[in-house]
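Colleague: How does the following fold in three dimensions:
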Amino acid sequence: MTDAQLPFAACLGSIAKLVPQNLRQPKVGIVCGSGLSTLAGSFTEAVCVPYRDLPGFLISTVEGHKSNLVFGFCGSVPVVAMLGRFHAYEGYPFQRIMFPVRIMARLGVKNLIVTNVSGSLNPKIPVGTIVVLHDHLGLPNLSGFNPLLGPQPDPQLPRFLPTSNAYSTTLRRAFFHAVHELGYNLDDFAEGTYAWVSGPTFESPAEGRLLRMAGADVAGMSTIPEVLAAREENLEVIAISLVTNFVVIPDTYRSMKAEVRAELEGRIVGDPPQPTINHKQVLESGLKKAEVMRTVVERLIQKTL
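Modeller: Okay, here's the model as predicted:
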C-alpha cells in the first residue's frame, strides 16, 4: 500500500459511524507511549474504537501498548488519543505508522502531544525525569530510512520539510506553566534532544557513547515518524519523554586478557554482573511517573484553548 493508496476516506467513514457527532472534531491529539495509556483515563464521554475497526490502522504488537483510538473530552476540549503506537521494528512501513496522525489532522486536530519512554544518555537526567524535547537526532533520517521518503499522500504537502522548528515553543512554554500551576518543582523536569534509533535492540555501549557525543540527552525507538507526519500536516507538536532507564555506557570495558593473565598468575578473579536493561524494567519505571505525566498533560490541554 503506497501513500497514495492510504484509505483516508474509508477510515474517516468508519469514525463517522462509530463516534458521536460531538466527538468527531477533536482539537488535540495524543500519541501514548509504552505504559502511558492512562493519559486517556480521565476523558469524559469517552468512546473507544479498536484499531481493527479502522481501515488503514495496524495492531500494536508491543507489550504496554493497547490498540485503541479513544475520543472524548479533556475538560471542555475535544481530544483523541492513540492507546498504542506502531514501530518500524515491528515490520510496519512508515506510511502506515504515520497514517493515524494524518487521520487526526483530517479530523481537525491542531495540536499533537506525542509521548514516549526513553533511556537517558545524560548523567544529569536521572531515571524518572520527564523531558520536553526541543530537538531530535534521527539517525535513520540521515541514513536512507527517513519516514517521508517516497510519494506524498497529498501533493499540497511540502516536499522538503524543515525540522529546525519541529517542536512548538508555544506548547513547550505552556507545558512548563502547567508544571508550575500544579505545584510541581520545575527542576524535576528537563528539556533535551531525543535520539531516534530504529530498535528493537537497546543501544550497545559504543552506540550510546556515540549518541551522547553527538549531543543527544535521551534515546528511544519511536516518536520521530509521528512528529514528521504532524509537521508535514502543519500541526503544532510537543513531544514529552519519560526517562525509564539509563543507557548502559560503562567507563571501561571488562578485559578478558587481564582476567586470564590474573588467573594464570593464581589470582582469583570475580565475575561482576554485567549491567543490562529490559522492557519489563522500562514498563515498571513508566508506571511510577505516569500519573504525573497525566496531570500535566491534562493541564496543558486546557491551556491550548
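Colleague: Distance-wise, check Ser198 relative to Asp217.
Modeller: Ser198 is 19 Å from Asp217, where distance means CB to CB, to the nearest Å. Where C-beta positions appear, they are placed from N, C-alpha and C, glycine not excepted.
Colleague: Which one of those two is surrounded by more residues?
Modeller: Each of Ser198 and Asp217 has its neighbours counted (other CB atoms under 10 Å); Asp217 has more, 26 against 14.
Colleague: My guess is that one contacts Thr129. True?
Modeller: No: the pair Asp217 / Thr129 is not scored as a contact, 9.7 Å apart, by CB atoms under 8 Å.
Colleague: Mind listing the shared neighbours of the two?
Modeller: Each of 120, 190 lies in contact with both Asp217 and Thr129 under the rule CB atoms under 8 Å, 6 or more residues apart in numbering.
Colleague: tell me the pLDDT at Asn278?
Modeller: We have a pLDDT of 65 for Asn278.
Colleague: Same check on the one 10 residues further on?
Modeller: Residue-level confidence at Lys288 comes out at 67, pLDDT.
Colleague: Contacts only, for the nearest residue to Ala262 once chain neighbours are set aside.
Modeller: Of all residues not flanking Ala262 in the chain, Val269 sits nearest, at 5.0 Å (CB to CB, 6 or more residues apart in numbering). Taking CB under 8 Å, 6+ apart, we find Val269 in contact with 259, 262-263.
Colleague: Looking at these, spot the one nearest Val247.
Modeller: Glu259 (25.3 Å; CB to CB).
Colleague: any idea which element that closest one lies in?
Modeller: helix 256-264 (DSSP states H and E).
Colleague: pLDDT averaged over that helix, what's the number?
Modeller: 90.
Colleague: Residues in contact with stretch 220-229: which ones?
Modeller: 31, 33, 85, 87-89, 94, 97-98, 101-102, 112, 114, 116-119, 133, 136, 138, 140-141, 146-148, 161, 163, 166-167, 194-200, 237, 239, 241.
Colleague: Which of these fall within helices?
Modeller: 94, 97, 101-102, 140-141 (DSSP state H).
Colleague: Output those in TSV; the columns should cover distance to Val70.
Modeller: Below are these laid out as TSV (distance: CB to CB, whole Å):
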residue	distance to Val70
Phe94	24
Ile97	19
Val101	15
Arg102	18
Pro140	29
Asn141	30
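Colleague: low pLDDT regions in the stretch 1-150 of the chain?
Modeller: 1-4, 35, 63-65 (pLDDT under 70).
Colleague: Number of residues surrounding Glu45?
Modeller: 11.
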